[in-house]
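In: model the structure of this input:
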Amino acid sequence: MKKLTIILFLILFSFTNKVNAQNPQAIFLENLESFERLSKNENESISLNMVYEARKFLIDITGITYKMEKPFDMPVFPPDKTIKKWRSWFEKNKDLLYYDEKEKEVKVRKK
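Out: Here you go, the predicted structure:
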């Protein structure tokens, strides 16, 4: 009986992770909130690679980009106004996000 309970728990856990991994709104928010926490100087264990990936994801999905503050700055971390624009875009368009099973990525439906 104990083995059956463990097996059922593992199946449920696996299913829950798959559903959450394919939730486009959750994926978007995960990327956005990492920048929001960093902008508030909250301790965040996020690598530079993760920052690049989150930045690329948000720009690709929203089409909202930004310029470097100074010519020699790395265009990694967006200004606060860009983070706010991404948040606003999400609030207006979250229902258009979907997870493309074939390409295994988040996409935006045409309006």
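In: give me the nearest residue to residue 80, chain neighbours excluded.
Out: Spatial nearest neighbour of residue 80, chain neighbours left out: residue 39 (5.8 Å); criterion: Cβ to Cβ, 6 or more residues apart in numbering. In this view, the C-beta of every residue, glycine as well, is placed from N, C-alpha and C.
In: just the helices in this structure please.
Out: Applying DSSP state H to the chain gives helices spanning 2-21, 24-39, 48-62, 80-93.
In: returning to that earlier point: so who does the residue nearest to residue 80 touch?
Out: Residues in contact with residue 39 (Cβ atoms under 8 Å, 6 or more residues apart in numbering) are 77, 80, 83.
In: just the buried ones among those, please.
Out: Using 16 or more other Cβ atoms under 10 Å as the burial test, the contacts of residue 39 include residue 83 as buried.
In: between the contacts of residue 39, which is closest to residue 30?
Out: Among the contacts of residue 39, residue 83 lies closest to residue 30 (Cβ to Cβ), at 14.1 Å.
In: the closest one reaches residue 38, doesn't it?
Out: No - under the criterion of Cβ atoms under 8 Å, residue 83 makes no contact with residue 38, lying 9.2 Å away.
In: between these two, which contacts overlap?
Out: When contacts are counted by Cβ under 8 Å, 6+ apart, the set common to residue 83 and residue 38 is empty.
In: residues touching residue 83, list them.
Out: Applying Cβ under 8 Å, 6+ apart to residue 83 gives the contacts 32, 35-36, 39.
In: repeat that for 10 Å
Out: 32-33, 35-36, 38-39, 58, 64, 66, 77 (Cβ atoms under 10 Å, 6 or more residues apart in numbering).
In: cool, residue 101 as well?
Out: By Cβ under 10 Å, 6+ apart, the neighbours of residue 101 are residue 22.
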